[in-house]
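In: Here's a sequence, model it:
(2 chains)
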Amino acid sequence: MPTKRRRKRDAVNTAELHSRLRESATFPRSVIAEIQRAARTGIYDIRGFGAKRVIPTFDDLLFLGASMSRYPLEGYRERCDTSVTLGTRYAKKPIELKIPITIAGMSFGALSAPAKEALGRGATIAGTSTTTGDGGMTQEEREHSRILVYQLLPSRYGMNPDDLRRADAIEVVVGQGAKPGGGGMLLGQKISDRVAGMRDLPAGIDQRSACRHPDWTGPDDLKIKIQELREITEWEKPIYIKIGAARTYYDTALAVKAGADVIVLDGMQGGTAATQDVFIEHVGIPTLPALRQAVEALQELDMHRKVQLIVSGGIRSGADVAKALAMGADAVSIGVAALIALGDNSPDLEDEYNALGSSAGYYDDWHEGRDPTGISTQNDELAARFDPELGGRRLANYLRVLTLETQTLARANGKSHVHNLEPEDLVALTIEAAAMAKVPLAGTDWIPGHGKF
Amino acid sequence: MVHHFDLAHASTRDLNHALHAFNGTDNDTAWQIKNANGLHNLAVGLDAPLTVDIEGHVGYYCAGMNKFARVTVHGNAGPGVAENMMSGVVRITGSASQYAGATAHGGLLIIEGHASSRCGISMKGVNIVVHGSVGHMSAFMAQSGRLVVCGDAGDALGDSLYEARLYVRGNVAGLGADCVEKVMKDKHKYEVDGLLREAGVSGADAAEFRRFGSARKLYNFNVDNADAY
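Out: Below is the predicted model:
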């Protein structure tokens, strides 16, 4: 049986080869594959999702909990409130959320209409807000979102005063964590007739959104721009400014100066529908240090809790939520995690991901519009696979789990409101996280750069 | 009946609030606004066919997001005049600063003097007629609508534009990426002629204009265009 023997020998050889060959740390197989891909296509790698590299995160922090010196709350019996009010600085009609978790801006265009509807449904069930994106407001998402934040982006696609007036809040997008300094991208495969119509673009083009706003250039101009938005909407709506994590201390202070009611801070782990991989992985700073810098800026201006801070970028669990709140955020926002809750990267579709050259858990070619879940596509057949009611229920379930987990941690630290969590409740597992979050390394009173070991 | 409003004795907030009372109606009353004095955000967010005459220079974003109203500024306008206008007519008897008519979706913007840089940036359907000249980067990323310039255009006209049509009578200092001169056909002369009439331009003949538009070479990524990105 020579064939069988040959096959067996090959298998042994492959395993044996890998055990004695040495892969280069500088040129591992993934790097080699990217060089080969670049040489083959002549264009940089564009993809969705957020940064994939390893960086310090909330996982590098721990809560101390309660013991002899701190008094915990009784789980399930003693109330631990989770409500948040956003926009108390200037807006006549601030927003009241039941939970400190919002849905981040994602465009109709990047996402299918039923996926946008599901985000609205889920957020509404859970008592929180959802957000439009670079492509205007659709009727579906307005109808299904009790609280809808309307983004004003550099492209101004679909921007109009009627939607401004029927929004519950307005978010001026200066930047995004995945690409601080970069504009949106939507490749031709997803510029359907409806998307093209809403954006006043020819169908099928590779859309490159502007990265700078067309009618203001800095915080002094932005202050006037924000006044214009307030005038148009009779000073009713909270106005958010969204920034990507870059020079966060100064950017936060300037956003306060420009008149924000709410600052949305998006760390480098924050997702995108389509951006150059090199931008996602190499520009901006992680959520952990950015959050600390933003809180410090607000505190120094005596604006902490007066201008609310929403932080996003890599929020996955109630632990992430609770740690972000403990560091001083008023709320968090989720994007990628919300899409996963809707069904993105589901193992049920492994065969279909394989057919696209990917695998469940790895799929990030959201820009190609071939998403088998029907979420990141404008293909009608694929979009029809997605059930917005079921998706909405899944998202609501996920938001409830995040909230319950957050309350569990807050009670463990003796807090009757999740906003009572504080940096004093936290320690760091690594020196890097201790330095970035400015909380002591576990078991010490050492914060690198601040005091002795 | 003409309403009179004096900004020496009332605020921008008071003015806009008073004008917004007509939003969503077909009220077409006339308003005379005095002492604009460079104030920002005057007559923004109107949504009724009012006729609003503003005496004096205005600051940023005058008539921003206008719908239906006919707003005339008897003076110069600061940055972003008629930004994101949807419909109606905005007329500036003097000159306009940067990004006049930015991202505007419809209506007619008339600038009887000159317009500064980035006039018509990201325009999305508006018609803009400038009696004088426009500065650099005008019609940058312009998506649709028409920009008619009776004087000269600055550097990088129409950079990265989409389907907007640009007409210039005088000199063009330079064209931006993917912007090219196109043949002026009869239908284009007809279009320019109509816009000149609407904008009250006298002494200019549609036949004197040249037409510019997108070469459409950057609509889809192509490695051979890498120098242009």
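In: What separation is there between B:V44 and B:V52?
Out: 11 Å (Cβ to Cβ, to the nearest Å). From N, CA and C alone the C-beta is placed, and that goes for glycine too.
In: next one: A:P154
Out: Distance of A:P154 to B:V52, given as Cβ to Cβ: 29 Å.
In: cool, A:M159 as well?
Out: 22 Å.
In: With neighbour numbers in mind, choose between the two.
Out: Ranked by neighbour count (other Cβ atoms under 10 Å in any protein chain shown), A:M159 and B:V52 place B:V52 first, with 26 against 22.
In: What parts of the stretch 1-150 of chain A come near chain B?
Out: By the rule Cβ under 8 Å from any Cβ of the partner chain, the part of the stretch 1-150 of chain A lying against chain B is A:41-43.
In: so what's A:T124 up against?
Out: Going by Cβ atoms under 8 Å, 6 or more residues apart in numbering or on different chains, A:T124 touches A:130, A:144-147, A:392.
In: out of these, which are buried?
Out: For the contacts of A:T124, a neighbour count by 16 or more other Cβ atoms under 10 Å in any protein chain shown gives the buried set as A:130, A:144-145, A:147, A:392.
In: Which of those fall within helices?
Out: A:144, A:392 (DSSP state H).
In: Just flag the most distant two among the buried ones among the contacts of A:T124.
Out: A:I147 and A:G392 (14.5 Å; Cβ to Cβ).
In: about what we covered before: now the contacts of A:T124 as a markdown table including distance to B:D224?
Out: Formatted as a markdown table, these follow (distance: Cβ to Cβ, whole Å):
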| residue | distance to B:D224 |
| --- | --- |
| A:T130 | 41 |
| A:H144 | 44 |
| A:S145 | 44 |
| A:R146 | 49 |
| A:I147 | 47 |
| A:G392 | 45 |
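In: what's the most distant pair in those?
Out: So, the contacts of A:T124 by Cβ to Cβ: farthest apart are A:I147 and A:G392, at 14.5 Å.
In: list residues touching both of B:V44 and B:V52?
Out: Contact criterion Cβ under 8 Å, 6+ apart; residues shared by B:V44 and B:V52: B:A63.
In: shouldn't B:G94 be in contact with B:G113?
Out: Yes - assessed by Cβ atoms under 8 Å, B:G94 is found in contact with B:G113 at 4.8 Å.
In: Please enumerate the shared neighbours of those two.
Out: Joint contacts of B:G94 and B:G113 (Cβ under 8 Å, 6+ apart) are B:N76.
In: ok, now which ones touch residue 61?
Out: Using chain A here. Residues in contact with A:L61 (Cβ under 8 Å, 6+ apart) are A:288, A:323, A:426-429, A:433, A:437, A:439.
In: not quite, I wanted chain B
Out: By Cβ under 8 Å, 6+ apart, the contact set of B:Y61 is A:215, A:224-225, A:228, B:40-41, B:44, B:78-81, B:83.
In: Which members of the residues of the stretch 1-150 of chain A next to chain B occur in helices, if any?
Out: Those of those lying in helices (DSSP H): A:T41.
In: Narrow the residues of the stretch 1-150 of chain A next to chain B to those that are buried.
Out: Buried among those (16+ other Cβ under 10 Å): none of them.
In: just the residues of the stretch 1-150 of chain A next to chain B now: which is nearest chain B?
Out: A:G42 (3.3 Å; Cβ to the nearest Cβ).
In: ok, the closest residue to the closest one other than its chain neighbours - contacts?
Out: Counting by Cβ to Cβ, 6 or more residues apart in numbering or on different chains, the nearest residue to A:G42 once its immediate chain neighbours are dropped is B:V223, at 3.3 Å. Neighbouring residues of B:V223 by Cβ under 8 Å, 6+ apart: A:41-43.
In: before we move on, the earlier item: please convert the residues of the stretch 1-150 of chain A next to chain B to a markdown table, extending it with distance to A:A104 and pLDDT.
Out: Converted to a markdown table, those look like this (distance: Cβ to Cβ, whole Å; pLDDT from 0 to 100):
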| residue | distance to A:A104 | pLDDT |
| --- | --- | --- |
| A:T41 | 30 | 89 |
| A:G42 | 33 | 89 |
| A:I43 | 28 | 87 |
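In: for the residues of the stretch 1-150 of chain A next to chain B, which one is nearest A:A355?
Out: Distances from A:A355 to these, taken by Cβ to Cβ, are shortest for A:T41, at 20.0 Å.
In: Next up, the contacts around the closest one.
Out: Shown in contact with A:T41 (Cβ under 8 Å, 6+ apart): B:V223.
In: What segments of the stretch 251-400 of chain A are strands?
Out: Assigned by DSSP state E, counting those that start in this stretch, the strands in the stretch 251-400 of chain A fall at A:262-266, A:272-276, A:308-312, A:331-334.
In: Reformat those as TSV; add mean pLDDT, distance to chain B and mean neighbour count.
Out: Converted to TSV, these look like this (pLDDT from 0 to 100; distance: least, Cβ to the nearest Cβ, whole Å; neighbours: other Cβ atoms under 10 Å in any protein chain shown):
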stretch	mean pLDDT	distance to chain B	mean neighbour count
strand A:262-266	98	21	29
strand A:272-276	93	11	25
strand A:308-312	98	24	29
strand A:331-334	98	26	28
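In: Fine by me, thanks again.
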